[in-house]
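>>> fold the following for me, if possible:
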Amino acid sequence: MKKHKKTVYYVHGFKARTRRARPGFPSFLLVVIFSSSIVYGVWANVIPSPQIVIKNGTDKIASNILKQDNSQPEGQTLNGSTNVKKPQKIKRKNKELNQQLAIKTRAYSDVKWSIYVEDVDSGLTASINESDDYNLGSVSRLVSLPALESKVNPDRWNNNLYGSPVKQCVGKGLGQENDQCYDKLSKYLGKDYINNTTKSYGYDIELDDKFTAKSSPEKFGAYLSDLKRGESLFAKTRRIVFDALYTPKQTPGLNLGCGDCRVANKQSYDNKVAVDAGIVTHGARSYTVVIVAENGNFDQITDIAQTIDRYMQP
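Numbers count the residues shown, from 1 in each chain. Sure, this is the predicted structure:
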């Protein structure tokens with residue numbers, strides 16, 4: 001079978017070339033005018049720029065995704081920037097412990113006591129003068145933690161800041177050493193930033209110009225309970241913090257006030273005010289204790305802590 005050959009045309013003995021049609025001058029002029037109009041419209045803010053259109057479209061898509069799934073991944077904690085009010089745990093009084101605290105504290109007539117106790121899991125509480133405010137001294141360092149976490153990502157806490165790793169500064173600052181490195185971290189964050197972050201998390205605790213918190217045992221105890229429940233810090237930060245606080249210490253106060261237990265606490269003694277605040281853990285159960293003894297000492301706090309532990313341990 002023969003193949004059909006393509007017909008070739010010749011003009012004056014030469015093979016004719018096929019040419020594509022080119023746009024004429026009027027078409028070119030229309031393109032220039034149209035393009036200039038768009039450029040002028042963007043410049044005069046009559047027409048939105050392509051970047052804005054793309055950004056708005058991207059933001060709308062992201063917004064729709066967030067609306068479809070605004071659940072928090074497992075292991076994450078409440079972030080203050082969400083401005084979401086945390087659900088309040090229903091609290092009830094341990095009447096027997098309340099009576100024992102009233103009897104026990106009357107034995108120290110020269111001491112003004114303010115005490116707040118809360119079971120981390122059940123919300124069972126006991127208290128005396130729990131709403132009275134005091135300067136918490138170095139215990140105030142615990143207030144800076146949410147702000148530090150939001151300012152410096154915990155993944156970078158092994159990096160040096162002011163000559164020491166952030167993780168090391170936190171460990172020493174929350175221990176009883178009161179290392180100056182932690183004070184430098186607080187000044188780096190700034191009083192206003194710390195207070196605004198703490199407030200955004202829903203806590204009515206503020207630092208003054210000396211980075212000292214003035215708060216009541218009840219307010220500070222609720223804050224500590226949330227730290228233990230993982231409602232105020234991310235998991236990685238929380239582990240670093242409690243590793244430092246749970247360091248064994250054979251000192252009077254909460255540490256000697258319970259039997260087979262672990263204590264994560266911070267103490268302060270300033271202007272004749274002894275403060276011991278922390279978490280007492282028996283196995284899987286924990287309770288928060290904040291004890292303030294004005295004109296008292298830590299040996300007396302040990303005595304009160306022993307009474308608390310008899311009623312609060314599981």
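>>> neighbours around residue 134, how many?
With neighbours defined by other Cβ atoms under 10 Å, the count for residue 134 comes to 22. From N, CA and C alone the C-beta is placed, and that goes for glycine too.
>>> specify the beta-bridge partners of it.
Here residue 134 sits in beta bridges with residue 215, going by DSSP bridges.
>>> quick one: residues contacting it.
With contact set as Cβ atoms under 8 Å, 6 or more residues apart in numbering, residue 134 has these partners: 114, 214-217, 273, 275, 292, 294.
>>> now do 7 Å
Taking Cβ atoms under 7 Å, 6 or more residues apart in numbering as the contact definition, residue 134 lies against 114, 214, 273, 275, 292.
>>> enumerate the positions of stretch 228-240 that are buried.
Buried residues in stretch 228-240, counting neighbours by 16 or more other Cβ atoms under 10 Å, are found at 228-229, 231-234, 237-238, 240.
>>> how about whichever strand or helix holds residue 304 as PDB, C-alpha atoms only?
Secondary-structure element containing residue 304, defined by DSSP states H and E: helix 298-312. Taking C-alpha atoms only, helix 298-312 is exported to PDB below (Å, rounded to 0.1, in the frame of the first residue of the first chain):
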ATOM      1  CA  PHE A 298       9.700  25.900 109.100                       C
ATOM      2  CA  ASP A 299       9.800  23.600 112.200                       C
ATOM      3  CA  GLN A 300       6.300  24.800 113.000                       C
ATOM      4  CA  ILE A 301       5.300  24.300 109.400                       C
ATOM      5  CA  THR A 302       6.600  20.700 109.700                       C
ATOM      6  CA  ASP A 303       4.100  20.100 112.500                       C
ATOM      7  CA  ILE A 304       1.200  21.500 110.600                       C
ATOM      8  CA  ALA A 305       2.200  19.600 107.400                       C
ATOM      9  CA  GLN A 306       2.100  16.300 109.400                       C
ATOM     10  CA  THR A 307      -1.500  17.000 110.400                       C
ATOM     11  CA  ILE A 308      -2.400  17.800 106.800                       C
ATOM     12  CA  ASP A 309      -0.800  14.600 105.500                       C
ATOM     13  CA  ARG A 310      -2.700  12.400 107.900                       C
ATOM     14  CA  TYR A 311      -6.000  13.600 106.400                       C
ATOM     15  CA  MET A 312      -5.000  14.100 102.800                       C
END
